[in-house]
Every structure is written in structure tokens, then in C-alpha cells.
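Novice: The sequence and its predicted three-dimensional model are supplied below.
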Amino acid sequence: MIDIAVSRLRKFTTVFDVKISVDKLKISIEDVFSGMSNITPSIDAHFKDTIHDIFLRLSDKCQINAGYVLYPADFDQDRKKNIKIGNTFFNMGKIVTSQLKNSEQAAVFACTIGPGMENWSRAVLEENEPALGYLIDMTASAVTEKSVDYLHDLIGVQMADKNLNITNRYSPGYCDWPASDQHLLFSLMPEKFCGIILNDSAMMNPIKSISGVVGIGTDVKFKDYPCDRCNIKVCTHRTKRIKTLKAIN
């Protein structure tokens with residue numbers, strides 16, 4: 001089930017709150033393994049039954065909250081490499097700026113699956129079951145990614161109804177966009193949006209949360225992540241890209 005609530009706040013433009021049920025995500029074992037670049041196929045098979053058992057508890061352990069805020073967006077010609085969202089300037093770096101610079105609007109988004117999975121993983125680790133704790137944590141990461149993918153697709157459908165295109169989604173800390181910009185990003189969302197709190201170190205709580213920006217406009221295009229141009233070695237998108245290239249070759 002997807003519930004979309006729209007509200008208008010004095011400080012913000014249109015705010016969309018989205019509730020997503022786990023069963024809509026169609027999470028698979030392959031989704032969990034996509035982030036396990038160090039796990040061999042033979043070990044994967046050994047853990048399949050355990051992951052299936054984890055899947056059975058996802059509805060109880062995950063409370064997915066997602067949403068986005070729409071703002072006007074513009075590429076600032078005077079401040080090169082800067083994107084202006086609302087009245088806030090972001091120096092996102094060359095990669096992200098090149099993808100967003102033709103945007104007329106920006107969807108500033110946040111998504112979390114809540115603290116249930118991380119609490120479960122922590123409790124299992126305290127009971128000296130490291131393998132199970134690790135699998136719960138990796139499954140939680142996969143559910144988080146799938147939830148944001150679902151939100152991203154939803155934004156795309158809503159914008160297509162207005163004859164607008166969307167870009168890929170980009171988050172602080174990836175593609176050379178400084179992680180410290182989380183503070184700027186969260187200033188564009190209502191306080192505790194989706195139940196997420198940002199600490200002084202720009203870390204989100206619950207941990208299994210993702211925030212970022214999607215560009216919107218008539219002249220923007222969706223492009224895959226340019227992993228060959230990014231300096232981050234440990235990245236979900238890079239891991240998936242490497243696995244895909246290996247499969248092709």
C-alpha cells in the first residue's frame with residue numbers, strides 16, 4: 001500500500017509524505033547479496049534459508065517512512081559548480097552538478113525503514129550470533145535501497161503526469177558531493193521529516209535512512225551513476241556496477 005499525503009507549510013513548498021509497505025518492494029535474496037561483494041556463491045547458498053526467515057519478519061521490523069519536498073532549482077552561472085535549490089546554494093561537485101544543472105525543480109527527499117532492523121541486528125550480535133546479525137544488517141540495507149528506489153520511481157511517475165523528466169538520485173557523501181551538506185539538505189525539509197534526526201556529524205538516525213535530491217525538468221535526463229569518474233571505492237552503486245560488468249564479460 002502507498003499512502004501519499006500532501007501538505008503546505010508556511011516555510012516549505014509542497015510536501016509529500018509517503019507510506020510504503022514492505023510487500024510492495026518485492027525484496028529478493030539477490031537484492032541482499034548485491035551489497036556482499038566478498039561473499040562467494042557457495043556461501044550465499046548456505047545463508048539462503050536464513051535470509052528467507054529474515055524476510056518473514058520484515059513487516060514487523062520495518063516501518064518505512066518516505067517523502068519529499070519540491071523546490072525551484074537553478075544552475076548558478078555566477079557561482080560555477082553550484083546548484084541553487086530554493087534559496088540555498090549547494091557546491092555538489094562536478095559529477096552531480098553536471099546531472100542537475102538543467103533542473104527547473106528539485107525533489108529533496110528522505111527515506112527510512114525505522115530502527116527496528118538495526119535494533120534486531122544489535123540484539124543478535126549481543127547474543128554472540130555474528131553471522132545472523134550481519135545478514136539482518138545487510139537485509140536492512142537492501143530494504144532501505146529498495147524503498148528509496150520505490151520513492152524515486154513514484155516521483156518519476158508523478159512528474160511524468162506533468163510532462164516532466166527526472167534525473168537519477170544523488171545523496172551527500174557520494175559522487176564527490178560532501179557529506180557535510182546533509183545539514184544544508186535537512187534545512188530544506190520539515191524538522192524530523194520522516195522521523196529522521198540528523199546529528200552534528202551529519203549522520204542520520206535511524207541509521208537505515210537515505211536522503212538526497214532528484215532533479216526535475218523538461219531538459220533533464222536519467223543517467224546511470226558514473227562510477228568510473230567517482231573516487232569512492234566502497235559504494236552500493238559501484239558494487240552493483242562491478243557485478244554487472246563481470247556478468248556481461
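Specialist: That came in fine, so what should we check first?

Novice: Select the longest helix from the protein.
Specialist: Scanning the chain for the helix with the most residues, using DSSP state H, yields helix 130-160.

Novice: now for that helix, which elements pack on it?
Specialist: strand 14-20, helix 29-33, helix 41-55, strand 65-76, strand 105-112, helix 116-126, strand 165-170, strand 209-217 (3 or more Cβ pairs under 8 Å, 6 or more residues apart in numbering; DSSP states H and E). Quick note: C-beta positions are derived from backbone N, CA and C, even for glycine.

Novice: Just the mean pLDDT for the following helix or strand past the third one, thanks.
Specialist: Per DSSP states H and E, helix 41-55 leads on to helix 58-61 as the next helix or strand towards the C-terminus. Per-residue pLDDT values over helix 58-61 give a mean of 96.

Novice: I'd assumed Thr139 was in contact with Met117.
Specialist: Yes. The pair Met117 / Thr139 is scored as a contact, 7.2 Å apart, by Cβ atoms under 8 Å.

Novice: mind checking pLDDT for Thr40?
Specialist: pLDDT for Thr40: 48.

Novice: swap in Lys81?
Specialist: pLDDT at Lys81 comes out at 67.

Novice: again, but for Ala45
Specialist: Ala45 is given a pLDDT of 67.

Novice: try Phe33
Specialist: Looking at Phe33, its pLDDT reads 83.

Novice: Neighbours of it, how many?
Specialist: By the measure other Cβ atoms under 10 Å, the count of residues near Phe33 is 19.

Novice: now do Asn199
Specialist: Neighbour count for Asn199, taken as other Cβ under 10 Å: 9.

Novice: what pairs with the closest residue to it other than its chain neighbours across the strands?
Specialist: In this structure, Asn199 finds its nearest non-sequential neighbour in Asn205, 6.6 Å apart by Cβ to Cβ, 6 or more residues apart in numbering. Beta bridges link Asn205 to Ile197, judged by DSSP bridges.

Novice: again, but for Lys19
Specialist: Beta-bridge pairing of Lys19 under DSSP bridges involves Asp3, Asn65.

Novice: Run a quick check on it versus Gly67, I expect a contact.
Specialist: No. Counting by Cβ under 8 Å, Lys19 sits too far from Gly67 to count as a contact (9.2 Å).

Novice: Please say which of the two ends up with more neighbours.
Specialist: When neighbours are counted by other Cβ under 10 Å, Gly67 comes out ahead of the other of Lys19 and Gly67, with 23 against 15.

Novice: What number of neighbouring residues does the residue nearest to the more buried one when sequence neighbours are not counted come out with?
Specialist: Nearest-residue entry for Gly67: Asp17, 4.4 Å, with adjacent residues in sequence omitted and distances by Cβ to Cβ, 6+ apart. If you count neighbours by other Cβ under 10 Å, Asp17 ends up with 16.

Novice: just Glu127 next, same as before
Specialist: Using other Cβ under 10 Å, Glu127 has 10 neighbouring residues.

Novice: gap between Gly215 and Asp17?
Specialist: Separation of Gly215 from Asp17 (Cβ to Cβ, to the nearest Å): 21 Å.

Novice: For the residue nearest to Asn165 when sequence neighbours are not counted, give me phi and psi.
Specialist: Nearest non-adjacent residue to Asn165, counting by Cβ to Cβ, 6+ apart: Val220, 5.1 Å away. With angles defined as degrees, to the nearest 10, Val220 sits at phi -90, psi 160.

Novice: So what's the predicted local confidence for Val220?
Specialist: pLDDT for Val220: 93.

Novice: repeat for Met117
Specialist: 98.

Novice: Pro172 belongs to a helix?
Specialist: No. Counting by DSSP: H, G, I helix; E, B strand; the rest coil, Pro172 is not part of a helix but coil.

Novice: This completes my enquiry, with thanks.
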